[in-house]
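K.L.:
all I have is the shape, not the residue letters:
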């Protein structure tokens, strides 16, 4: 035919690149082991570019494509929105301060009030509250915001 290009012969570099692309498609899950070995054998025995092109007619051009799009064309994955405040940290600090007040008040009452058992129990509870609040505050870190709650979009937006 007058409009067709003549067969273009290929060399080892083109065959090796085709095998590499087939391997990437297999890693991406588009080819199973049997189909990969069949196509690899055909790629290694190909003599023309057209024979190589036939091996890729049902595969995306880019082996790293996601849903027919390359990584650069695919939309970014959803990331959760974050709020400005880390409320757990704020509550942890408040619990720590409450524990300090509870500990000091009960300990002072225990010393001044003649060793009352209720002030001793209050002191122990205050120390436990202080330590729990401090540990929670240390774990949550103030600079780290929490994911925002899932809200319905307002009507009309």
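P.N.:
Here it is on my side, so go on. Keep in mind that this is a model prediction, so the values were computed, not measured.

K.L.:
in this protein, which spans are helices?
P.N.:
Using DSSP state H, the helices of the chain run over residues 12-27, 33-45, 49-54, 87-112, 117-140.

K.L.:
got the angle for the last one vs helix 87-112?
P.N.:
What it means is helix 117-140. Interaxial angle, helix 117-140 versus helix 87-112 (axes from the mean of the first three to the mean of the last three Cα atoms, to 10 degrees): 150 degrees.

K.L.:
pretty sure residue 42 contacts residue 53?
P.N.:
No. Contact criterion Cβ atoms under 8 Å: residue 42 and residue 53 do not qualify, at 11.5 Å. Quick note: C-beta positions are derived from backbone N, CA and C, even for glycine.

K.L.:
looking at those two, which one has more neighbours?
P.N.:
Taking neighbours as other Cβ atoms under 10 Å, residue 42 and residue 53 compare with residue 42 leading, 15 against 11.

K.L.:
how about the nearest residue to the more buried one, chain neighbours excluded?
P.N.:
residue 55 (5.9 Å; Cβ to Cβ, 6 or more residues apart in numbering).

K.L.:
the one you found touches residue 17, doesn't it?
P.N.:
No. Using Cβ under 8 Å, residue 55 is not in contact with residue 17, being 11.7 Å away.

K.L.:
so between the two, which is more surrounded?
P.N.:
residue 55 (19 against 13).

K.L.:
tell me the contacts of the more buried one?
P.N.:
18, 22, 39, 42, 43, 46 (Cβ atoms under 8 Å, 6 or more residues apart in numbering).

K.L.:
could you redo the last one with a cut-off of 6 Å?
P.N.:
By Cβ atoms under 6 Å, 6 or more residues apart in numbering, the contact list for residue 55 reads 39, 42, 43.

K.L.:
of all the helices of the chain, which lies closest to residue 62?
P.N.:
For residue 62, the closest of those is helix 12-27, at 9.1 Å, according to Cβ to Cβ.
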